[in-house]
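> The amino acid sequence is not available; the structure is as follows:
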């Protein structure tokens, strides 16, 4: 990669038409890319291969996977759209490529994707069909690119699908998973918005924990739905979310912990409000890793 460009794994086939859904995830990759180009941040867009349907069998029940692609099982949007199913080969392919990129030695890579962490072994939900986080984590473990992988999921909601697959595949010793959606309920921010400040103070220690527990790669979900104005979120101000991302990226750089990140949730209307939060994440990343001043 150019020393002055941020590597982004994007293909227009990551997008799908999905009318009637309350989630913008199916068409958000294109919207995010257009917004990022408008920022003037140097981006280096990389091509990649889509995930083959049988590759999903590594982290999902084969009958579930095959049903999605046959249009006989409902996806995470609760429809049987083949257009959506085909786009998911590219969204997971994007994140897998970004994870491999950093596992091979790059400090950072970006995947403009959403719709992973609620997908479990044999079912989807919450706008998630296939768990691209787990697909990427298991792939780089199996390929010998890392001995242990960290997943930092800062979407507003509990990454229940991720947890269930880790348990199903007995990967608790090889994948360290932190999900804000569970922590927020247990430790304060979801019950008391002022608790977000305490959580932010402790975030560097959470990141230190990935390194001390032996993680060699970090997969980071930079969800936009913890924002106070999100109809499905509601605990962080715009400034707190900006600080969240700065802490994550600066700590990863300090620790020498390669990080591949994606978008995850965000449900404000109009979509421009969500894109502005994703813009802030990209700018925090680019400033930390030297693409912009």
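Received the coordinates, thanks. Since the model is a prediction, treat every value here as computed from it, not as a measurement. Residues are numbered from 1 along each chain as shown.

> hey, let's count contacts and neighbours off CA atoms from now on
Noted.

> pLDDT weak spots in the stretch 1-150 of the chain?
Along the stretch 1-150 of the chain, the model assigns pLDDT under 70 to residues 1-3, 19.

> contacting residues for residue 160?
117, 118, 119, 120 (C-alpha atoms under 8 Å, 6 or more residues apart in numbering).

> Now do stretch 250-265, average pLDDT.
The average pLDDT within stretch 250-265 is 97.

> ok now that stretch, how far from the chain's centre?
Remark: stretch 250-265 is offset 11 Å from the chain centroid, using C-alpha atoms, centre = their mean, to the nearest Å.

> now stretch 281-293
18 Å.

> Please spell out which residues along that stretch are buried.
281, 282, 283, 284, 285, 286, 287, 288, 289, 291, 292 (16 or more other C-alpha atoms under 10 Å).

> likewise stretch 242-255?
For stretch 242-255, using 16+ other C-alpha under 10 Å, the buried residues are 242, 243, 244, 245, 246, 247, 248, 249, 250, 251, 252, 253.

> For whichever strand or helix holds the fourth one, give me every contacting residue.
When secondary structure is defined using DSSP states H and E, the element that contains residue 245 is helix 238-255. Here helix 238-255 makes contact (C-alpha under 8 Å, 6+ apart) with 107, 197, 200, 203-204, 207-208, 211, 222, 226-227, 258-259, 277, 280-281, 284-285, 288-289.

> Any quick ChimeraX command for the buried ones out of those?
Buried residues among those (16+ other C-alpha under 10 Å), as a ChimeraX selection:
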select :107,200,203,204,207,211,222,226,227,258,259,277,280,281,284,285,288,289
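
> Inside strands: which ones of the contacts of helix 238-255?
residue 259 (DSSP state E).

> coming back round to it: what two of the buried residues of stretch 242-255 have the greatest distance between them?
242 and 253 (16.7 Å; C-alpha to C-alpha).

> all helices for the stretch 151-293 of the chain, in order.
160-168, 180-187, 195-212, 238-255, 271-288 (DSSP state H, counting those that start in this stretch).

> Format the ones you listed as JSON lines; extra columns: distance to residue 6.
Listed next are these as JSON lines, based on distance: least, C-alpha to C-alpha, whole Å:
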{"stretch": "helix 160-168", "distance to residue 6": "27"}
{"stretch": "helix 180-187", "distance to residue 6": "26"}
{"stretch": "helix 195-212", "distance to residue 6": "22"}
{"stretch": "helix 238-255", "distance to residue 6": "13"}
{"stretch": "helix 271-288", "distance to residue 6": "7"}
